[in-house]
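Enquirer: The sequence and its predicted three-dimensional model are supplied below.
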Amino acid sequence: MGFGILGKYQIAEKWGAMIGDAAGRGEDLLSATERFLELSQAPDTKLQRRSMSPGVLRGALGGKRPFIVISNTSNTNLRPFKLYLNVRDYGTNLQVSWYLVSQPNFKEKLSSFILSIPVVGLLFAPSFLLGRASNAGKAGMLELDIFDEQDLSAYVTNLHHCVLDAVDNLMQELKQDFSKIDKHSKGFLGIS
């Protein structure tokens, strides 16, 4: 079975919680989250279940974890932003977390690779810096216009609330107090 690579990308926003005595209930939580996302009728989102690894070697050696990958399909400025939702057993508990990451495109990855080569990097650095200067107005982490940021906020907030609803349902089944879960995300959006 193949796997995707979830490298060292910039994490723009994240949230997580540990649900006590919920080991083995991860699939229930993922299915409930998918159901809530479908019921929300969020426009222009794509969900995909993928095994992810932080690198090729680690993935080949079995270091993979299942994720639901959620992406926005309509706004080209939001294409670099993907949400990764994971649940996993941690002892007798269930850890649930999501990450909004900003992934570089192929050109940015290639430039980074070329610049990492000692002599070659020095030769290409001036053209790389000029290219960065000419693209200064294009969407990046802090270069989103107000509509893009509004769309990104809606997209992430919707997922966050769907995950919280699924966590709430699971905790009710386990007769646990959902009010003790920290519902605030960490990052530049600060979702609650």
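Expert: It's in.
Enquirer: For the protein, give me the ranges with low pLDDT.
Expert: In the predicted model of the chain, residues 1-9, 53-62, 104-143 satisfy pLDDT under 70.
Enquirer: where exactly do the helices run in it?
Expert: 26-40, 56-60, 106-116, 118-134, 146-173 (DSSP state H).
Enquirer: just checking, what packs against the first one?
Expert: Counting contacts by 3 or more CB pairs under 8 Å, 6 or more residues apart in numbering; DSSP states H and E, helix 26-40 packs against strand 45-53, strand 65-72, strand 81-90, strand 93-102, helix 146-173. Heads up, the C-betas are built off the backbone N, CA and C, glycines and all.
Enquirer: for the ones you listed, which one sits closest to Gln10?
Expert: The minimum distance between Gln10 and those falls on strand 93-102, with 4.6 Å, by CB to CB.
Enquirer: Return that closest one as CSV; C-alpha atoms alone will do.
Expert: Output of strand 93-102 as CSV, limited to C-alpha atoms (Å, rounded to 0.1, in the frame of the first residue of the first chain):
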residue,chain,number,x,y,z
ASN,A,93,-6.8,6.9,25.4
LEU,A,94,-7.6,8.3,22.0
GLN,A,95,-5.6,11.2,20.7
VAL,A,96,-7.4,13.3,18.1
SER,A,97,-5.6,16.2,16.3
TRP,A,98,-5.8,18.2,13.2
TYR,A,99,-3.2,20.4,11.5
LEU,A,100,-3.6,23.1,8.9
VAL,A,101,-0.3,23.1,6.9
SER,A,102,1.0,25.3,4.2
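Enquirer: For it, which outside residues touch it?
Expert: 6, 9-26, 29, 80-89, 140-141, 156, 159-160, 163, 167, 170, 187, 189 (CB atoms under 8 Å, 6 or more residues apart in numbering).
Enquirer: The nearest residue to Lys186 once chain neighbours are set aside - how many residues pack around it?
Expert: Excluding its sequence neighbours, the residue lying closest to Lys186 (CB to CB, 6 or more residues apart in numbering) is Lys14, at 5.5 Å. Using other CB atoms under 10 Å, Lys14 is surrounded by 14 other residues.
Enquirer: cool, and Val87?
Expert: Other residues lying near Val87 total 27 when counted by other CB under 10 Å.
Enquirer: for Arg79, same thing?
Expert: 14.
Enquirer: Repeat that for Val156.
Expert: If you count neighbours by other CB under 10 Å, Val156 ends up with 24.
Enquirer: Tell me the spacing between it and Pro66.
Expert: To Pro66, Val156 is 21 Å away according to CB to CB, to the nearest Å.
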